[in-house]
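Asks: please work out how this folds:
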Amino acid sequence: MADDADAKAGCERMFKRFDYNGDGKISLNELADALKVLGSSSEEEVHQRMKEIDMDHDGFISLEELFAFQRANPDLMKEVIKKLSQ
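Replies: Numbering: from 1, shown residues only. Down below sits the predicted model:
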């Protein structure tokens, strides 16, 4: 249970960091900027990640969608959080 709470807290911190304008959602441009920071910058990769994470296909990533992606891809998200902590 503590691991889930820690994971959610890490996800929330990451979400706030990527949501540059603070509107409560991550846009395609914000995702592209975030992925550049993480070392991934191809337009194709940005669109692929958006497609994977944006479950309701509204063009934005909500905190709930990011957390669902984190639960489905825990090792990947741990690496992202680790890179952001450096």
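Asks: what packs against the helix ranked longest in the chain?
Replies: Scanning the chain for the longest helix, with DSSP state H as the assignment, gives helix 2-18. Packing partners of helix 2-18 (3 or more C-beta pairs under 8 Å, 6 or more residues apart in numbering; DSSP states H and E): helix 28-37, helix 63-72, helix 74-85. For every residue, glycine as well, the C-beta is placed using N, CA and C.
Asks: quick one: which of these is nearest E43?
Replies: Among the helices and strands packed on helix 2-18, helix 28-37 comes nearest to E43, with 7.6 Å by C-beta to C-beta.
Asks: list the buried residues in the closest one.
Replies: By neighbour count on 16 or more other C-beta atoms under 10 Å, the buried set for helix 28-37 is 28, 30-32, 34-35.
Asks: circling back: which residues are in contact with the longest helix of the chain?
Replies: 22, 26, 30-31, 33-34, 63, 66-67, 70-71, 74, 77, 80-81, 84 (C-beta atoms under 8 Å, 6 or more residues apart in numbering).
Asks: can you give me how far it is from the chain middle?
Replies: 10 Å (C-alpha atoms, centre = their mean, to the nearest Å).
Asks: tilt between it and helix 63-72?
Replies: 130 degrees (axes from the mean of the first three to the mean of the last three C-alpha atoms, to 10 degrees).
Asks: could you list the low-confidence segments of the protein?
Replies: The model of the chain has pLDDT under 70 over residues 1-3, 81, 84-86.
Asks: repeat that for 90
Replies: Within the chain, the stretches with pLDDT under 90 are 1-11, 13-14, 17, 34-42, 45, 70-71, 73-86.
Asks: tabulate the helices and strands packed on helix 2-18 in TSV, adding columns for distance to I53.
Replies: Below are the helices and strands packed on helix 2-18 laid out as TSV (distance: least, C-beta to C-beta, whole Å):
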stretch	distance to I53
helix 28-37	8
helix 63-72	5
helix 74-85	11
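Asks: farthest-separated two in the contacts of helix 2-18?
Replies: Largest pairwise distance in the contacts of helix 2-18, by C-beta to C-beta, is 26.7 Å, between G22 and P74.
Asks: compare those two (neighbour count), which wins?
Replies: Each of G22 and P74 has its neighbours counted (other C-beta atoms under 10 Å); P74 has more, 12 against 7.
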